[in-house]
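Peer 1: Please work out how this folds:
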Amino acid sequence: MKGCWKTKRKKTRSKVLVDSRINFIIGTGSEELVLRRKIEVYCARYAELEITFTEHPLPTQKTSLYIIHVFHLRDFLRGPQELPVPVISYGPPSSLTDAWHSGAVDYIKDPWNASELHFRIHRALSGTDHGFAWHGLAAEVDSITCGTCSLQISYQEFRILKLLAEYEGTAVPRESLYYTIWGRPGPQSRVVDVYVSRLRKKLRSLLNGNDNGSRATISTVRGEGYLLSWRGVDMLWIKK
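Peer 2: Numbers count the residues shown, from 1 in each chain. The predicted structure is shown next:
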């Protein structure tokens, strides 16, 4: 099931939303069709809010934000994209922890209405990050590049790398890293450690493909957090 539903232009448009591509992944069951219709009726009142409803996710290159039910989130994450763009999930309150651990940047607890979804979409997209350069690395929301080598990274890995780069040489607490990804204090879990471990491996793999001897290292500082350091040739200036 595919379709792009567009509204008539009535009100002032928010550039944040108009310039973004929102993909609501939803099935064809009776309850899902009712939910979709409610959202469409709400969107008709707001020129800025355009959502593409599909049964299967659109390519990440065509999407700024995904919205998906928590029960389908794990299946979605089995794909090759590894969350290069933000995902908002929704569902019962009991599934909140599952959504955070799966990598959702926000979670809407049932019951909810379209106006709350509108607010969450705007908040998620308003916080969308721009790429930055740090020493020999160029980072975008979905990739990191050094010289002629490039690797895909997830949205969460990008946010972690950006914060660590901004505080180069200083240990950043796990709590701060969790907050910069999900916008709220985190539970006692190892989810940040998992993302840092993945990012550490990707940095090592990326820089091993270059012959200038440069290294970016994420060190664990016991009792304090994670520290990012650079050793090698500076090819780019950091942009904060």
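Peer 1: In this structure Tyr178 contacts Val191, no?
Peer 2: Yes. With contacts defined as CB atoms under 8 Å, Tyr178 counts as touching Val191 at a distance of 7.3 Å. (C-beta placed from N, C-alpha, C; glycine too.)
Peer 1: And for Ser229, the neighbour number?
Peer 2: Residues within reach of Ser229, counting by other CB atoms under 10 Å, total 13.
Peer 1: where's the nearest residue in space to it that is not next to it in sequence, which helix or strand?
Peer 2: Spatially, and ignoring its direct neighbours in sequence, Ser229 is nearest to Thr217 (5.2 Å; CB to CB, 6 or more residues apart in numbering). For Thr217, the host element (DSSP states H and E) is strand 215-221.
Peer 1: Return the residues in contact with the residue nearest to Ser229.
Peer 2: For Thr217, the contacting residues are Leu203, Leu228, Ser229, Trp230, Arg231, by CB atoms under 8 Å, 6 or more residues apart in numbering.
Peer 1: Check the contact lists of Tyr178 and Val191 and give me the overlap.
Peer 2: By CB under 8 Å, 6+ apart, Tyr178 and Val191 have no common neighbours.
Peer 1: Which elements pack onto the longest helix anywhere in the chain?
Peer 2: For the chain, the helix reaching the highest residue count under DSSP state H is reported as helix 191-208. For helix 191-208, the packing partners by 3 or more CB pairs under 8 Å, 6 or more residues apart in numbering; DSSP states H and E come out as strand 143-146, strand 149-152, helix 155-166, helix 174-182, strand 215-221.
Peer 1: picking up where we left off before, angle of the helix or strand that comes right after the strand holding Thr217 against helix 174-182?
Peer 2: As assigned by DSSP H and E, the chain's next helix or strand after strand 215-221 is strand 225-231. Put simply, strand 225-231 runs at 80 degrees to helix 174-182, going by axes from the mean of the first three to the mean of the last three CA atoms, to 10 degrees.
Peer 1: Give me the contact list for strand 225-231.
Peer 2: By CB under 8 Å, 6+ apart, the residues outside strand 225-231 that reach it are 134-136, 161, 164-165, 167-174, 176-177, 196, 214-221.
Peer 1: I'd like to know the average pLDDT value across it.
Peer 2: Strand 225-231 comes out with an average pLDDT of 90.
Peer 1: Send over it as CSV, restricted to the C-alpha atoms.
Peer 2: The C-alpha coordinates for strand 225-231 follow below in CSV (Å, rounded to 0.1, in the frame of the first residue of the first chain):
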residue,chain,number,x,y,z
GLY,A,225,32.4,8.2,30.5
TYR,A,226,33.9,8.2,27.0
LEU,A,227,36.7,10.4,25.6
LEU,A,228,37.5,11.0,21.9
SER,A,229,41.0,11.9,20.8
TRP,A,230,42.7,12.4,17.4
ARG,A,231,46.3,11.5,16.4
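Peer 1: Check the residue nearest to Glu157 when sequence neighbours are not counted and give its pLDDT.
Peer 2: Nearest non-adjacent residue to Glu157, counting by CB to CB, 6+ apart: Leu199, 4.5 Å away. At Leu199, the model reports a pLDDT of 95.
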